[in-house]
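Peer 1: kindly return the folded structure for what I paste below:
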Amino acid sequence: MANRIKEIEKKLKQRNYKLTNQRRAILEILLENKSEHPSSEEIFKLVKERHPDIGLATVYRTLQLFDELDIIHKLNFGDGCYRYEINREQKHHHHHLICMKCGKVIEFGDDLLEKLEANIEKQNNFKVLDHRVKFFGYCAECQKQI
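Peer 2: Take a look at the predicted model:
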């Protein structure tokens, strides 16, 4: 985690921003909860436990800055709030399986769309830089309840 924080601090410095204590605290929460896809309110709650003086507006501004600098990805899973994850700096994002009953989000790492992207690029003279895929259904636990 320390190496990732140093990389992000360098990225901030390149754009004339500092890694303040508040930004570091938010970044640590994101890194510690990278598979959880927390909302801004959940991030605020977790940061507030360690730093009682931090405000919700600071969390919102920091998340906006991190998104603008491509440090994090802002995700919409259709549950009424944005969720966040650290940018893993891969060519493509991983995909997400979203349970329609409990809201659980499961990361799906296989990238089966490379051939499709190549066809799109060739047929349309279009350079694909990224894609995002969400699958909606029911997780194993919710399937037992149906």
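Peer 1: how much space between the residue of the chain most remote from its centre and residue 144?
Peer 2: What lies farthest from the middle of the chain is residue 123; by C-alpha atoms, centre = their mean that is 31.3 Å. Residue 123 is 43 Å from residue 144, where distance means C-beta to C-beta, to the nearest Å. Just so you know, the C-beta spots here come from the backbone N, C-alpha and C atoms, and that holds for glycine as well.
Peer 1: regarding the residue farthest from the centre of the chain, what is its secondary structure?
Peer 2: For residue 123, the assignment made with DSSP: H, G, I helix; E, B strand; the rest coil gives helix.
Peer 1: distance of it from residue 116?
Peer 2: Using C-beta to C-beta, residue 123 is found at 11 Å from residue 116.
Peer 1: and residue 70, by the same measure?
Peer 2: 24 Å.
Peer 1: for this protein, what spans make up the helices?
Peer 2: 2-14, 21-32, 40-50, 56-68, 114-124, 140-145 (DSSP state H).
Peer 1: pop the domain breakdown of this protein in here.
Peer 2: If you go by automatic domain parsing, the domain ranges for the chain are 2-86, 95-145.
Peer 1: which of those domains has the lowest average pLDDT?
Peer 2: Lowest mean pLDDT of the domains of the chain: domain 95-145, a mean of 86.
Peer 1: most tightly surrounded among the domains of the chain?
Peer 2: Of all the domains of the chain, domain 2-86 has the most neighbours on average by mean count of other C-beta atoms under 10 Å, namely a mean of 15.
Peer 1: how long is that one end to end?
Peer 2: In domain 2-86, first residue to last residue: 14 Å (C-alpha to C-alpha, to the nearest Å).
Peer 1: so what's the gap between it and the chain middle?
Peer 2: In terms of C-alpha atoms, centre = their mean, to the nearest Å, the centre of domain 2-86 is found 9 Å from the chain centre.
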